[in-house]
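**Student:** Structure for the following, please:
(one chain, ligands or ions: 1)
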Amino acid sequence: MSRPQTGTTSGKTRRVYTTHELRPPTPTARSRQRPNQARPPGAALSRRIAVVGAGLAGVTTAYELAALGAQVQVFERGGSVAEQASFACSALLSPAVPALSTDLPSAPLRFRLRRWRARGKAGDASAQLAALSQLSLARTAALRQELGLEDEASQGLLLALPDAKRVAAVEVRLEAWKAMGLNVDLIEAGEARLREPGLNPDAPLAAALAVAGGGAGNARLFAQQLRQQARRLGVTFRFHTTVRGLSSDGTGVTLRHDYTPPAEAPTRGTEREPGDTLPQAPGMQDERFDAIVLCNGLGAVALAGQRLPLAALQEVTVTAPLRLLEAHPDLGPKAAWVDPARGLTITRIGQRVRVTGGLAVTGVQHRQPPATADYETLHRGLQHWFPGSVLHQQVQQGISRRAVAPDGLPLLGAGTQPGLWLNLSPGGSGWGQACGAAQALARQVMGESALLDLSALSPQRLA
Ligand SMILES: Cc1cc2nc3c(=O)[nH]c(=O)nc-3n(C[C@H](O)[C@H](O)[C@H](O)COP(=O)(O)OP(=O)(O)OC[C@H]3O[C@@H](n4cnc5c(N)ncnc54)[C@H](O)[C@@H]3O)c2cc1C
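**Tutor:** You can find the predicted model right below:
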């Protein structure tokens, strides 16, 4: 496999941009005609593609690109895959069910205004998102099966409808959801309790919405295993390498990256994982690729070269070991249980239970711990639905952030610079959409026929 050319700062003829100067040159008439377009058949095999970010989006995208014959390098500023949003994911794998997500509570005024304006233009997006999420669940299942991935998966997704008012709100939407191809069913409380026998018999429950195809899975474990499969296809991962800037000239994209290994990280001479992390010189380097896919969540705002009005969606997570009692084998959830009224998701991950909630929106740069880090509410919610189901030792608690666009939709498709592609901001269902988004985008990047119409999710809508 030929390695990408390294354009260093050694004073050769190619122009090198300073960090502040890394702006795309004005596109030439020729480059305007062919931004991000398909190459002629056959040319795809030699495409060198950089993926920025090694979360779920980056790992799945790298895998799909390599499966289509691209030479892929993944740049990740951390030391491994799935260390940020993909680490804390509440494990819910769900098709997108429009109008079911709880409204985002506290959000800065500017973001609320953007959201209000964006929703007016949403158009076909709900149907496209529903189709993408169906594709995604099918792709996740296919990868699990074909590659033997074991990510502590469990099948089953129920949404709690505790009173008649919530049942009525679901009833009026049921037919529209079915018309979108969603396999959803309103089931009686008794049936819900049969499917989730660990449910508190005293917790009021009028009915539940059963979402076929939904369930839970350990997103981080999935990403780690898919990374190994990607390596087999020749993908190389460059950890501790931060991408600082991009510039595109219509024939390729130059990526400026900075390798800053911690003292104990592999170095040129003593690589721990040969063939995985490419040896590289510490410090700033420029390197040229045919195309670049930004999969770096909140970090994309600084790199995309276009206005990306993203915000950070914060959520609080509690993970605790399941209490295993021979006399009470049904303790805890079997799969995924969502309580939209409390804004809680409760999932089974192997022998653990994860509860997530307390959504809040902040700015991308926000670094303070939120005032809403209310772990107690999560513990109370778990106790309400699945009492006594977890041990209170080895409980992990944390707050995580992921990118969200004002309309809550992913940014999937070509960026404004030629050769630049985005797979960003899947909001609250990034795990559920990761495999489908990666598969669909990889085909676009490689000039293959489209699997779905994803025009309503294009990043151009925010430009
Ligand atoms: C608390 C929580 C619960 C969630 N629950 C669910 C759920 O139940 N179901 C669901 O479907 N989704 C859920 N999600 C959403 C889902 O986890 C995310 O959408 C998904 O993990 C995002 O993946 P990503 O790869 O885009 O981002 P990340 O996992 O954040 O990966 C981005 C990577 O880019 C790297 N990076 C950033 N900038 C640079 C740079 N300049 N150079 C190099 N590397 C860079 C970062 O280090 C990071 O590793 C949840 C998210 C959170 C936070």
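**Student:** Find me whatever residue is spatially closest to the residue of the stretch 201-350 of the chain found nearest the ligand, sequence neighbours aside.
**Tutor:** Going by Cβ to the nearest ligand atom, the ligand is nearest to Gly299 of the stretch 201-350 of the chain, at 2.3 Å. (C-beta placed from N, C-alpha, C; glycine too.) Once flanking residues are discounted, Gly299 sits nearest to Gly53: 6.8 Å by Cβ to Cβ, 6 or more residues apart in numbering.
**Student:** wait, what's in contact with the one you found?
**Tutor:** Gly53 makes contacts with 74-76, 294-297, 299, as judged by Cβ atoms under 8 Å, 6 or more residues apart in numbering.
**Student:** Just the residues you listed: which are in strands?
**Tutor:** Per DSSP state E, strands hold the following members of the contacts of Gly53: 74-75, 294.
**Student:** got a list of what whichever residue of the stretch 351-463 of the chain sits closest to the ligand touches?
**Tutor:** Going by Cβ to the nearest ligand atom, the ligand is nearest to Gly430 of the stretch 351-463 of the chain, at 1.8 Å. Gly430 sits next to 56-57, 85-86, 89, 402, 410 when contact means Cβ under 8 Å, 6+ apart.
**Student:** same check, this time on Leu378
**Tutor:** Contacts for Leu378 (Cβ under 8 Å, 6+ apart) come out as 316-318, 344, 355-358.
**Student:** on that earlier part again, from the contacts of Gly53, which single one is nearest Leu186?
**Tutor:** Lowest distance from Leu186 to the contacts of Gly53 (Cβ to Cβ) belongs to Gly297, with 35.3 Å.
**Student:** pLDDT weak spots in the stretch 201-350 of the chain?
**Tutor:** Within the stretch 201-350 of the chain, the ranges that satisfy pLDDT under 70 run 264-279.
**Student:** The stretch 51-200 of the chain now?
**Tutor:** Using pLDDT under 70, the flagged stretches of the stretch 51-200 of the chain are 99-108, 118-124.
**Student:** And the helices in it?
**Tutor:** Applying DSSP state H, counting those that start in this stretch to the stretch 51-200 of the chain gives helices spanning 56-67, 85-88, 109-120, 125-147, 164-179, 189-195.
**Student:** Relative to Leu325, which of these is closest?
**Tutor:** Nearest to Leu325, of all the helices of the stretch 51-200 of the chain, is helix 189-195, at 19.1 Å by Cβ to Cβ.
**Student:** send the alpha carbons of that closest one over as CSV?
**Tutor:** The C-alpha coordinates for helix 189-195 follow below in CSV (Å, rounded to 0.1, in the frame of the first residue of the first chain):
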residue,chain,number,x,y,z
ALA,A,189,-49.1,-2.7,30.5
GLY,A,190,-49.4,-6.4,31.3
GLU,A,191,-47.6,-7.3,28.1
ALA,A,192,-44.9,-4.8,28.8
ARG,A,193,-44.4,-6.4,32.2
LEU,A,194,-44.1,-9.8,30.7
ARG,A,195,-41.4,-8.5,28.4
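**Student:** Now for the closest residue to Arg77 other than its chain neighbours: which residues touch it?
**Tutor:** Nearest residue to Arg77 in three dimensions, chain neighbours excluded: Thr242, at 4.0 Å (Cβ to Cβ, 6+ apart). Neighbour list for Thr242: 75, 77, 257-258, 260 [criterion: Cβ under 8 Å, 6+ apart].
**Student:** give me the number of residues near Asp351?
**Tutor:** Careful, residue 351 is Gln; it's not Asp. For Gln351, the count of nearby residues is 11 (other Cβ atoms under 10 Å).
**Student:** For the residue nearest to Gly299, grab phi and psi.
**Tutor:** Here is the backbone geometry of Gly53 (degrees, to the nearest 10): phi 100, psi 130.
**Student:** where do the helices sit along the stretch 251-400 of the chain?
**Tutor:** Assigned by DSSP H, counting those that start in this stretch, the helices in the stretch 251-400 of the chain fall at 375-385.
**Student:** At which residues are the strands of it located?
**Tutor:** For the stretch 251-400 of the chain, the strands defined by DSSP state E, counting those that start in this stretch occupy 253-259, 283-289, 291-294, 311-321, 336-339, 344-349, 352-362, 396-404.
**Student:** I'd like those strands as TSV, with distance to the ligand and mean neighbour count appended.
**Tutor:** Below are these laid out as TSV (distance: least, Cβ to the nearest ligand atom, whole Å; neighbours: other Cβ atoms under 10 Å):
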stretch	distance to the ligand	mean neighbour count
strand 253-259	7	22
strand 283-289	13	19
strand 291-294	9	28
strand 311-321	4	22
strand 336-339	8	26
strand 344-349	6	26
strand 352-362	5	23
strand 396-404	3	19
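**Student:** Tabulate those (CSV), appending distance to Leu199.
**Tutor:** Conversion of the strands of the stretch 251-400 of the chain to CSV gives the following (distance: least, Cβ to Cβ, whole Å):
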stretch, distance to Leu199
strand 253-259, 50
strand 283-289, 51
strand 291-294, 42
strand 311-321, 17
strand 336-339, 8
strand 344-349, 10
strand 352-362, 13
strand 396-404, 24
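**Student:** mind checking which of those strands is nearest Arg231?
**Tutor:** Here strand 291-294 is closest among the strands of the stretch 251-400 of the chain (Cβ to Cβ), at 17.8 Å.
**Student:** can you dump the C-alpha coordinates of the closest one into PDB?
**Tutor:** This file holds the C-alpha atoms of strand 291-294, laid out as PDB (Å, rounded to 0.1, in the frame of the first residue of the first chain):
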ATOM      1  CA  ALA A 291     -10.500  13.400   0.500                       C
ATOM      2  CA  ILE A 292     -11.100  14.000   4.300                       C
ATOM      3  CA  VAL A 293     -14.000  12.900   6.400                       C
ATOM      4  CA  LEU A 294     -14.600  14.900   9.600                       C
END
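**Student:** Distance from the chain centre to that strand, please.
**Tutor:** The chain centroid and the centroid of strand 291-294 are separated by 16 Å, computed with Cα atoms, centre = their mean, to the nearest Å.
**Student:** what lines up beside that strand in the sheet?
**Tutor:** According to DSSP bridges, strand 291-294 has the following sheet partners: strand 48-52 (parallel), strand 420-424 (parallel).
**Student:** Kindly report the domain assignment for the chain.
**Tutor:** If you go by automatic domain parsing, the domain ranges for the chain are 6-85+221-307+409-462, 99-123+154-213+310-404.
**Student:** out of these, deepest packed?
**Tutor:** The highest mean neighbour count among the domains of the chain, using mean count of other Cβ atoms under 10 Å, belongs to domain 6-85+221-307+409-462: a mean of 20.
**Student:** Pro98 is nearest to which of the strands of the stretch 251-400 of the chain?
**Tutor:** So among these, strand 336-339 is nearest, using Cβ to Cβ, at 14.9 Å.
**Student:** Direction included, what does that closest one pair up with?
**Tutor:** Strand 336-339 is paired, per DSSP bridges, with strand 157-161 (parallel), strand 344-349 (antiparallel).
**Student:** thinking again about what came up before, so which of the contacts of Gly53 comes closest to Asn200?
**Tutor:** Sorting the contacts of Gly53 by distance to Asn200 puts Gly297 at the head of the list, at 36.0 Å, by Cβ to Cβ.
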